[in-house]
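Visitor: What follows is a predicted protein model with its sequence.
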Amino acid sequence: MLDVMRMLAEDIGPRFAGTESEHRAARALLEVFASRGVTARLQKFGFIGWRLLSAPTVRVVSTTSRNCSAAPIIYSASTGPAGVSGEVVYHGRKSLIAGLYEMDTYSVVDSEGNYVAQLIVEPGGPAIPLLNPDPIFRLPLVVIGGDDHRFLQEALRSSEKLTAEVRIETELLPDAVGYNVIAEYRGDASTRDWVIVDAHYDTQLGTPGAYDNASGTAGLVGVLDRLLELRLPINADIVAVSGEEIGMHGSTYLARDLRERGKLESLKACICLDQISAGDTMWIWATDGPFRETAVAAAESAGLAHLGAIRVDGPMPGCDMWPFHLEGIPSCLYMWWRLPDYHKATDTMDKLEEPKLAGAVQATVNLLTTFAQRRSSS
């Protein structure tokens, strides 16, 4: 597993969806899966991609001026090289991921009251790139940091008129291509029933993504190796998906393709591994009912409670189990939350906590073992 993490985070580095580095990672993962002696293939999909042409800048002017920490919202519209400017007003709360990312937002408005840009607050520190939940609505969108938020709050409370100058240059890529990498483990020829274990291998802009999510991708290899070692009587597709960081494109394509081909009827569960190499809390998102109880029990029997707190919630639209949850498939996420280096250039291998990586893999294997035992006893 560590070799896979190093290959992705160090040999390849940032793997933004639709780029050559993401394609290189897909080919490398195909070789890793195939070397285990299982059927492995690439699933190609096209999508409308996005490219950042220049780093965003935000300058706020009042009685004093301030250059804000700035990072892009993925699929942000472009201001063009000249940028835009206008009065800053508090807008409200923008939901990037419902229940997870509810962000304070400021609008930059022109003389006619139209939005010309929005500033979205990352409260936990400096600005980091974040996804756009509504890319169909075109507006320049820039993340600012928590310190900038406090500066704006104080200035607006004192009734100062604030002007912001915002620049972000971007372009859409109508013919972008991504790849899901699928390995087929078949341990029970007596049934068509199967499960999916998935993790995304793409990264946000400018990060080598060791934690997010070379760790989850390496976990897939660990799960596959354990299945082969145990010869577990279960059928599983082990899937490294692309495009999670820009809107779960790969897993959404995979789930819709399976539905259209009538393959979801025999799919019994989706298990997602995302960010499993560090963090204080094992955060389990799972479908309510017996499935959730089983997923939590699998984590507890893997000893994860000795490595950090365990928190349990229902599914949220922030990982690659979500498209399957929407299709009515019992789904869960195992995730250690959260490394401070998330979405940053400092998300590197030296932050790895091996027991947490191994523990998340063991929880997944425990859950798969429970499925196999229940089937054999039915």
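Guide: Right, received. Where do you want to start?
Visitor: Can you measure across stretch 1-20, start residue to end residue?
Guide: 23 Å (CA to CA, to the nearest Å).
Visitor: now that stretch, how far from the centre of its chain.
Guide: 15 Å (CA atoms, centre = their mean, to the nearest Å).
Visitor: now do stretch 147-167
Guide: 31 Å.
Visitor: measure the residue nearest to residue 313 when sequence neighbours are not counted to residue 224 for me?
Guide: Spatial nearest neighbour of residue 313, chain neighbours left out: residue 285 (5.3 Å); criterion: CB to CB, 6 or more residues apart in numbering. The way it works is simple: take the backbone N, C-alpha and C, and place the C-beta from them, glycine included. Separation of residue 285 from residue 224 (CB to CB, to the nearest Å) stands at 23 Å.
Visitor: got it, and residue 149?
Guide: 44 Å.
Visitor: Report the beta-bridge partners for residue 46.
Guide: Judged by DSSP bridges, the bridge partners of residue 46 are residue 177.
Visitor: Scan the protein for its longest helix.
Guide: helix 354-377 (DSSP state H).
Visitor: For that helix, give the mean pLDDT please.
Guide: Taken as a whole, helix 354-377 has a mean pLDDT of 95.
Visitor: For it, which residues meet the burial criterion?
Guide: Buried residues in helix 354-377, counted by 16 or more other CB atoms under 10 Å: 356-372.
Visitor: So which residue of this protein lies furthest out from the middle?
Guide: Taking CA atoms, centre = their mean, the residue of the chain most remote from its mean C-alpha position is residue 63, at 40.0 Å.
Visitor: That one reaches residue 160, doesn't it?
Guide: Yes: at 6.4 Å, residue 63 counts as touching residue 160 under the criterion of CB atoms under 8 Å.
Visitor: thought residue 12 was touching residue 26?
Guide: No: applying CB under 8 Å, one finds residue 12 not in contact with residue 26, separated by 10.2 Å.
Visitor: Is it correct that the residue farthest from the centre of the chain falls within a helix?
Guide: No: counting by DSSP: H, G, I helix; E, B strand; the rest coil, residue 63 is not part of a helix but coil.
Visitor: Phi, psi for it please.
Guide: As for residue 63, its main-chain torsions (degrees, to the nearest 10) stand at phi -70, psi -20.
Visitor: for the one 4 residues further on, same thing?
Guide: Per-residue torsions, residue 67: phi -90, psi 120 (degrees, to the nearest 10).
Visitor: What residues does the residue farthest from the centre of the chain make contact with?
Guide: residue 160 (CB atoms under 8 Å, 6 or more residues apart in numbering).
Visitor: Can you give me the pLDDT of it?
Guide: 80.
Visitor: Residue 202 too?
Guide: Reading off the model, residue 202 has pLDDT 98.
Visitor: ok, it - contacts?
Guide: 15-17, 22, 25, 178, 209, 213, 242-246, 250.
Visitor: from those, which ones fall inside strands?
Guide: Judged by DSSP state E, the subset of the contacts of residue 202 located in strands is residue 178.
Visitor: Neighbour count, distance to residue 88 and pLDDT added to the contacts of residue 202, as CSV?
Guide: Below are the contacts of residue 202 laid out as CSV (neighbours: other CB atoms under 10 Å; distance: CB to CB, whole Å; pLDDT from 0 to 100):
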residue, neighbour count, distance to residue 88, pLDDT
15, 28, 35, 98
16, 25, 30, 98
17, 28, 32, 98
22, 22, 36, 98
25, 27, 40, 99
178, 25, 36, 98
209, 33, 33, 98
213, 34, 35, 98
242, 31, 36, 98
243, 27, 33, 98
244, 29, 32, 98
245, 24, 28, 97
246, 26, 28, 97
250, 29, 37, 98
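Visitor: what about residue 285 and residue 224, which has more around it?
Guide: residue 285 (26 against 21; other CB atoms under 10 Å).
Visitor: was I right about that one contacting residue 330?
Guide: No: the criterion here is CB under 8 Å, and residue 285 misses it with residue 330 at 12.0 Å.
Visitor: what's the spacing between residue 207 and residue 333?
Guide: For residue 207 relative to residue 333 (CB to CB), the value is 20 Å.
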